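Colleague: Fold the following.
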Amino acid sequence: MKKVITLGILSVFFVQCISVKQKTKTEHKVVQTQTNTRTSSSSKVKLVVGIVVDQMRYDYLTRFERKYGEGGFKRMISEGFNCKNNHYNYIPTYTGPGHASVYTGTTPANHGIIANNWYDKFTKEDVYCASDSNQKSIGVEDKYEGKMSPHRMQTTSVTDQLRLDTQQRGKVIGIAIKDRGAILPAGHAANGAYWFYGKDKGYWITSSYYRDNLPGWVQDFNASDEAEKYMKPWNTLYDIANYTESDADENSYEGTFRGKNDTSFPYDLNALKDQNGGFDILKGTAYGNNLTTDFAIAAIKGEQLGADEYPDFLAVSYSSTDYVGHKFGVNSKEIEDTYIRLDKDIERLLIALDEEVGKGNYTVFLTADHAAVHVPSYLQDQKIPSGYFDGGLLKKHLQAFLQTNYGSENIITNISNGQIFFNHDEIKRLGRNAEEIENALQKELLAYKQIAKVYTRHSLTTSEFNYGIASALQKGFHQKRSGDVCFVLDVATISYSRTGSTHGSGFNYDTHVPLLFYGNGIRQGATWQRTEITDIAPTISALLEISLPNAATGNPIHYVLKK
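Modeller: Below is the predicted model:
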C-alpha cells in the first residue's frame with residue numbers, strides 16, 4: 001500500500017515537474033518573442049539623409065532614365081516610394097525659400113524666407129537670407145562668405161525638432177556648395193553647417209554661429225586638396241553622340257565660361273579658372289556635385305552619424321545642378337551630363353550609407369528646391385509663347401505714371417521679386433492712402449505688356465485664396481517682409497539673360513519637382529496623387545515619431561510610411 005502511495009506521489013511530482021518544465025520553456029519562448037518584437041519595433045531610423053537637388057525638374061528622372069545606372073535614382077525609385085506629382089505651392093520658387101520650406105513644412109508666409117535676397121522696408125536695405133553680420137567666418141579669416149546663420153528663418157525645422165526631441169543627443173549636419181543650401185536645412189540648433197569657399201584654394205568653411213573652429217575631419221578634408229583633383233577638363237562621361245536627350249552641343253541658347261569662345265565640350269577648368277573665380281569654377285560643373293559627395297561621406301565618417309541609439313540627420317544639397325542650369329539651360333548637353341554624373345554620386349552615397357550605417361538603418365528623401373523653365377528664346381523658336389521682361393523699363397513707366405497722377409516719382413522705393421514696395425512716408429506727405437495707390441497701380445500694371453496678374457497687399461491680407469496663382473502668391477506673402485503690390489509675368493516670360501534657364505514662378509515648369517523616399521520605414525510604390533513640398537517635414541517627423549516643426553502647414557504623406 002505504501003508503495004502505491006509512494007508511486008502516486010512520485011507520479012504527481014513527475015507530472016508537476018514536467019508541467020513546470022514545459023511552463024518554463026513556454027515562458028522562455030514568450031520572453032524571447034517579446035524581446036525579438038521589442039528589438040524589431042525599436043529598430044528605428046539611425047540616420048535620415050535629406051537630399052535637395054538645386055533646380056531639378058521632375059522630368060530629369062524620366063528624360064535621362066536610359067542613361068542612369070541601377071544604383072542611384074533607379075534604386076531609390078524601385079525600392080522606395082516615388083511621389084510623381086509633387087509641387088511647390090507658393091511663389092517665389094527660389095533656392096532660399098525652397099530649402100526653408102522643405103525643412104520647416106511651411107511656406108514663406110510663415111518661415112519668413114521670402115526670397116534669396118529681399119528689400120527690408122524697415123532698414124531700407126537689401127538683405128540676404130542667410131547673412132549675419134554678428135558672426136565670424138570660420139575656415140577663412142575675415143571673409144563675408146562665412147558670416148552666416150539661419151537667424152532670418154522664423155520657425156523651427158524638422159532638424160530642430162530632432163535636436164529638441166533627443167535632448168540634443170541626435171546630431172544634425174548641413175552640407176552644400178551654397179551657404180544657404182547648408183544653413184537653412186540644418187536649422188537653428190544644428191551641430192554644424194558647411195559650405196564651399198573657392199576663391200583662394202577650395203575650402204569647406206562654416207560660421208561662428210556653430211563653432212569657433214573647424215572640426216578635425218573638416219581640417220583633414222581641406223588639407224587633402226580634394227578640390228584640386230577636379231581642376232581638370234570637364235568632358236562628357238559617355239560618348240557625346242549618345243546624348244540624344246538634349247539639344248546640339250553648340251547652340252545660341254547657352255552661356256559659357258569667361259575665356260571660352262564657344263558653348264561646347266570640353267571645358268578645361270585649369271585654363272579657365274583665373275577668369276572664373278579660381279576654384280569657384282567647380283560650382284558650375286558636374287564636379288561640384290562630386291566634391292559635395294566626397295565631403296558628405298567624410299561627414300558621415302567624421303561625425304559618426306548613425307552610430308548610436310539616437311537618430312541623426314544629414315542635410316545634403318547639390319548646388320552645382322543650379323549653376324549649370326542657369327548657365328547652359330535645361331535642354332543642354334551640359335545639364336544632361338551633370339545628371340548622369342549626379343546619378344553616380346547618389347549611388348556612391350547610398351553605398352557609403354550601406355557600409356557606414358547599415359542598409360535598413362537609414363532613410364533618405366530626395367527632392368529639389370525648385371525646377372526651371374526652358375530657355376524662352378528656344379521656346380520661341382518652337383513657336384511656344386514665351387518672352388523676356390525688362391524690369392528697368394517697368395520702373396521708369398511706373399515712376400512716370402505716379403508723377404503724372406500723384407505729383408511724385410518717390411512713391412516706390414523698390415521693385416524686386418515681383419513685388420513693389422511703397423515709400424509710406426511719401427504717401428503720407430502727399431495726403432494719400434496706400435490702398436488707393438495699390439488699386440491704381442493694379443489697374444496700370446494689368447494694362448502693361450507681359451504682366452498677367454496683379455494682387456494688392458489689401459487683397460492678399462483680407463481674402464483667402466484656395467487655388468491657383470493667387471493662392472501661391474498668398475502662401476509666399478509675408479505680412480511684415482513683403483511688398484505692397486505683387487505682379488505675375490506671362491507664362492514662360494522671365495527677367496533674365498537670353499541664354500540659360502532660370503526659375504521663380506508658380507507655373508508647373510518651376511513647381512514640379514521630384515520627391516523620392518527610400519529606406520527604413522518606407523513602403524515601395526508610387527503615386528500620381530498631388531503632394532506638396534510642405535508635406536516632407538511632417539512625413540519625416542511622423543517617421544521619427546517627433547513633433548512637427550512649430551509652424552508646419554503640410555501633412556504627413558501617410559501612404560509612404562509602412563507604419
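Colleague: Name the strands paired with the helix or strand encompassing Val52 and say parallel or antiparallel.
Modeller: Val52 belongs to strand 47-53 when assigned by DSSP states H and E. Strand pairing for strand 47-53, determined by DSSP bridges: strand 312-318 (parallel), strand 362-368 (parallel).
Colleague: After that strand, which helix or strand is next? Please name it.
Modeller: Next helix or strand after strand 47-53 toward the C-terminus (DSSP H and E): helix 59-63.
Colleague: and the closest residue to Pro556 other than its chain neighbours, how many residues sit next to it?
Modeller: Leaving aside its sequence neighbours, Pro556 sits nearest to Ala542 (Cβ to Cβ, 6 or more residues apart in numbering; 4.0 Å). C-betas here are computed from N, CA, C, even on glycine. Using other Cβ atoms under 10 Å, Ala542 has 18 neighbouring residues.
Colleague: Is Ala542 within a helix or a strand, and which one?
Modeller: helix 536-544.
Colleague: That helix: how far from the chain's middle?
Modeller: The gap between where helix 536-544 is centred and where its chain is centred comes out at 16 Å by Cα atoms, centre = their mean, to the nearest Å.
Colleague: which residues touch that helix?
Modeller: Helix 536-544 is contacted from outside by 44-45, 48, 50, 102-105, 157-158, 161-162, 165, 311, 363, 365, 367, 515, 517, 521-522, 547-549, 552, 554-558, 560-561, using Cβ atoms under 8 Å, 6 or more residues apart in numbering.
Colleague: let's see it at 7 Å
Modeller: Contact partners of helix 536-544, identified using Cβ atoms under 7 Å, 6 or more residues apart in numbering, comprise 45, 48, 102-105, 157-158, 161-162, 311, 363, 365, 367, 515, 521, 547-549, 552, 554-557, 560-561.
Colleague: do the same with stretch 122-138
Modeller: Contacts of stretch 122-138 (Cβ under 7 Å, 6+ apart): 96, 113, 116-120, 143, 145-152, 179-180, 183-184, 205-209, 211-214, 413.
Colleague: Also stretch 74-86?
Modeller: So stretch 74-86 is contacted by 68, 350, 364, 366-367, 513-519, 522-531, 533, 557, 560 (Cβ under 7 Å, 6+ apart).
Colleague: still on that earlier bit, just the CA trace of the strand holding Val52, in PDB.
Modeller: C-alpha atoms of strand 47-53 as PDB (Å, rounded to 0.1, in the frame of the first residue of the first chain):
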ATOM      1  CA  LEU A  47      20.100  58.400 -39.700                       C
ATOM      2  CA  VAL A  48      18.000  60.500 -42.000                       C
ATOM      3  CA  VAL A  49      19.600  61.900 -45.100                       C
ATOM      4  CA  GLY A  50      17.800  64.700 -46.800                       C
ATOM      5  CA  ILE A  51      18.900  65.400 -50.400                       C
ATOM      6  CA  VAL A  52      17.900  68.600 -52.100                       C
ATOM      7  CA  VAL A  53      19.000  68.900 -55.800                       C
END
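Colleague: Next, the angle from it to helix 536-544.
Modeller: 160 degrees (axes from the mean of the first three to the mean of the last three Cα atoms, to 10 degrees).
Colleague: residues making contact with strand 47-53?
Modeller: Counting by Cβ under 7 Å, 6+ apart, residues outside strand 47-53 touching it are 99, 102, 181, 185, 305-306, 311-318, 321, 353, 357, 361-369, 540.
Colleague: Check stretch 470-487 too.
Modeller: 89-92, 107-109, 112, 114, 118, 418-422, 434, 438, 441-442, 445, 451, 453-457, 460-461, 465, 506.
Colleague: cool, and stretch 244-260?
Modeller: Residues contacting stretch 244-260 (Cβ under 7 Å, 6+ apart): 63-64, 240, 262-265, 267, 272, 275-276, 281, 327-329, 331-333, 335-336, 375, 377-378, 497, 499-500.
Colleague: Which members of the contacts of stretch 122-138 are positioned in strands?
Modeller: Taking DSSP state E as the definition of strands, the contacts of stretch 122-138 contribute 117-120, 205-207, 413.
Colleague: Tell me the one of the residues you listed nearest Ile340?
Modeller: Ile205 (29.4 Å; Cβ to Cβ).
Colleague: so the closest one touches Trp195, yeah?
Modeller: Yes - the pair Ile205 and Trp195 passes the contact test of Cβ atoms under 7 Å, sitting 6.5 Å apart.
Colleague: Tell me the secondary structure of Asn82, please.
Modeller: strand (DSSP: H, G, I helix; E, B strand; the rest coil).
Colleague: quick revisit: so for the strand holding Val52, mean pLDDT?
Modeller: Average pLDDT, strand 47-53: 98.
Colleague: now the contacts of stretch 244-260: which count as buried?
Modeller: 63-64, 240, 263-265, 267, 272, 276, 281, 327-329, 331-333, 335-336, 375, 377-378, 499-500 (16 or more other Cβ atoms under 10 Å).
Colleague: Could you list which of the contacts of stretch 74-86 belong to strands?
Modeller: 364, 366-367, 515-519, 525-527, 531.
Colleague: And the helices in the stretch 1-150 of the chain?
Modeller: Remark: helices assigned in the stretch 1-150 of the chain by DSSP state H, counting those that start in this stretch are 2-41, 59-63, 73-79, 95-104, 108-111.
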